[in-house]
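Asker: Build me a structure from this.
(one chain, ligands or ions: 1)
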Amino acid sequence: MSAPNKSFDPVEVSTLSQENIDENVANAIAAIAGANSLDELKEVRLAHTGDRSPLALANREIGALPPAAKAEAGKRIGQARGKVNQCLEVRTLELEVLRDQLLLIEETVDVTMAAATVAQGARHPLTTIQEQISDVFLALGYELAEGPEIEAEWFNFDALNIAPDHPARTMQDTFFAGNEDSGIVLRTHTSPVQIRSMLKRELPIYVVCPGRVFRTDELDATHSPVFHQVEALVIDRGITLADLKGTLDHFAQSMFGEGIVTRLRPSYFPFTEPSAEVDLQCFVCRGASIDNPEAACRTCRSEGWIEWGGCGMVNPKVLVACGIDPDEYTGFAFGMGLERTLMFRHGITDMRDMVEGDIRFTRAFGLGV
Ligand code: DAH
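Answerer: Reported below is the predicted structural model:
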């Protein structure tokens with residue numbers, strides 16, 4: 001009987017042969033060199049060093065070898081795997097550098113490229129003038145008052161002493177909300193804010209009220225169904241026409257320059273008594289064009305004065321309607337159109353420019369406040 005031959009290796013496995021291992025290493029190195037991105041390299045790493053890779057499988061066979069052969073085979077496999085891992089590391093570094101370089105190229109910013117421009121708007125002159133006027137009066141201690149654009153007929157007409165048969169009340173001038181009997185209108189002027197202020201506020205009252213108003217006018221060069229007015233109302237003890245005139249002159253100077261004054265021409269408004277038209281001294285020629293063809297003025301048509309608005313002492317009937325004792329309090333009010341004011345102040349000849357919203361018109365007024 002023969003004894004087992006210890007030096008004989010019955011489980012010498014072909015996968016562990018130097019030849020086979022070298023072939024696997026060569027395959028791995030070729031695949032690593034062929035990987036052109038980190039993602040590709042990840043797959044190569046899995047295929048050649050993962051649990052199911054040829055070298056890992058070969059490694060598993062070592063356990064089946066006789067003890068004497070184990071060390072030798074383990075060394076061979078270890079060296080082979082070390083080599084593959086080293087190649088992987090080198091290629092990883094190379095591909096990381098490549099990725100960073102590509103990133104720099106892809107994300108290059110061309111600082112000379114023309115920027116996409118967004119057209120800049122500007123504030124509408126109607127907005128600006130409402131703020132300018134409000135500021136003039138706020139500086140005098142007035143408060144800003146507002147009222148609804150959809151208004152009760154009573155505020156818009158009755159309380160202002162505008163009788164039911166007054167021409168301004170007919171369908172021609174007034175937009176009614178619903179039918180003519182609804183009692184609700186789109187306010188035809190800012191004067192109803194006078195009434196609201198008198199009913200709501202403590203005396204004395206000093207308010208300025210800019211706002212939008214509506215009349216059934218066709219849109220043309222000098223009319224618009226939607227336009228703006230500013231109203232001022234003062235109710236206090238001892239207020240006289242002189243206070244009204246002084247306030248209007250101050251207003252005129254603030255808007256049109258040092259020394260510009262106003263002139264009052266007798267007129268009629270149901271809610272003021274006495275009433276007057278306010279004329280503004282021409283801020284361009286200051287009257288120098290009157291009877292002087294050599295110095296003709298386009299702004300005032302050489303009249304020296306420009307019609308600006310209406311004014312008067314608050315009619316005692318209006319005070320009474322608002323529960324204010326006319327024996328104790330008096331007041332004044334005035335109101336003017338803002339489109340008109342802008343038109344003569346800036347030489348705007350067509351009202352439509354102000355409502356059409358063309359940015360080229362608005363821009364001409366810049367961003368000034
Ligand atoms: N509300 C008048 C209008 O729209 C303008 C007006 C006139 C306002 C006289 C007033 C005033 O405050 O006293 O035509």
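
Asker: Check the secondary structure at the residue in the stretch 51-200 of the chain that the ligand sits nearest to for me.
Answerer: Residue nearest to the ligand within the stretch 51-200 of the chain (C-beta to the nearest ligand atom): residue 189, separated by 3.3 Å. Where C-beta positions appear, they are placed from N, C-alpha and C, glycine not excepted. Per DSSP: H, G, I helix; E, B strand; the rest coil, the secondary structure class of residue 189 is coil.

Asker: what's around the closest residue to it other than its chain neighbours, how many residues?
Answerer: With C-beta to C-beta, 6 or more residues apart in numbering as the criterion, residue 189 has its nearest non-adjacent residue at 5.4 Å, and that residue is residue 213. Residues near residue 213, counting by other C-beta atoms under 10 Å, number 23.

Asker: which other helices and strands contact the helix or strand where residue 213 lies?
Answerer: Assessed by DSSP states H and E, residue 213 sits inside strand 205-214. Strand 205-214 sits against helix 125-138, strand 143-144, helix 192-200, strand 226-236, with contacts defined as 3 or more C-beta pairs under 8 Å, 6 or more residues apart in numbering; DSSP states H and E.

Asker: Can you tell me which helices and strands the second one packs against?
Answerer: Put plainly, it is strand 143-144. Counting by 3+ C-beta pairs under 8 Å, 6+ apart, strand 143-144 packs on strand 205-214.

Asker: List the pairing partners of the strand it packs on within its sheet, with orientation.
Answerer: According to DSSP bridges, strand 205-214 has the following sheet partners: strand 143-144 (parallel), strand 226-236 (antiparallel).

Asker: Might you calculate how far that strand sits from the centre of the chain?
Answerer: Chain-centre distance of strand 205-214: 25 Å, with C-alpha atoms, centre = their mean, to the nearest Å.

Asker: hmm, who's touching it?
Answerer: With contact meaning C-beta atoms under 8 Å, 6 or more residues apart in numbering, strand 205-214 is reached by 130, 133-134, 137-138, 140-147, 149, 175, 186-190, 193-194, 197-198, 201, 225-236, 331, 338.

Asker: buried subset of those?
Answerer: Among the contacts of strand 205-214, those buried by neighbour count (16 or more other C-beta atoms under 10 Å) are 130, 133-134, 137, 142, 145, 147, 175, 186-190, 193-194, 197-198, 227-235, 331, 338.

Asker: mind listing the strands for this structure?
Answerer: Along the chain, counting by DSSP state E, strands occupy 143-144, 150-152, 184-186, 205-214, 226-236, 262-269, 272-281, 305-314, 330-337.

Asker: mind giving me the domain ranges of the chain?
Answerer: Domain ranges of the chain: 14-106, 125-363, per automatic domain parsing.

Asker: how about the ones you listed, which one is nearest residue 115?
Answerer: Using C-beta to C-beta as the criterion, the shortest distance between residue 115 and the domains of the chain is 19.6 Å, found for domain 125-363.

Asker: Just put the domains of the chain in CSV and tack on distance to residue 116.
Answerer: Below are these laid out as CSV (distance: least, C-beta to C-beta, whole Å):
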stretch, distance to residue 116
domain 14-106, 20
domain 125-363, 18
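
Asker: rank those domains by pLDDT, which is bottom?
Answerer: Lowest mean pLDDT within the domains of the chain: domain 14-106, a mean of 91.

Asker: So for that one, first residue to last residue, what's the gap.
Answerer: One end of domain 14-106 sits 50 Å from the other (C-alpha to C-alpha, to the nearest Å).

Asker: any idea which residue sits dead centre in this structure?
Answerer: With distances taken as C-alpha atoms, centre = their mean, the residue of the chain nearest its centroid is residue 121 (9.6 Å).

Asker: For that one, give me its contacts.
Answerer: Residue 121 makes contacts with 359, 362, 363, as judged by C-beta under 8 Å, 6+ apart.

Asker: Tell me the one of the residues you listed nearest the ligand?
Answerer: residue 362 (25.7 Å).

Asker: The ligand versus residue 295, what's the distance?
Answerer: Separation of residue 295 from the ligand (C-beta to the nearest ligand atom, to the nearest Å) stands at 32 Å.

Asker: Residue 309 now?
Answerer: With distances taken as C-beta to the nearest ligand atom, residue 309 is found 6 Å from the ligand.

Asker: near the ligand, which residues of this structure?
Answerer: For the chain, the contact set with the ligand under C-beta under 6 Å from any ligand atom comprises 189, 191, 231, 269, 272, 310, 311, 312, 333, 334, 335.

Asker: could you dump these to CSV with distance to residue 92?
Answerer: CSV is the format used below for the residues of the chain next to the ligand (distance: C-beta to C-beta, whole Å):
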residue, distance to residue 92
189, 81
191, 83
231, 79
269, 91
272, 91
310, 87
311, 88
312, 91
333, 86
334, 84
335, 82
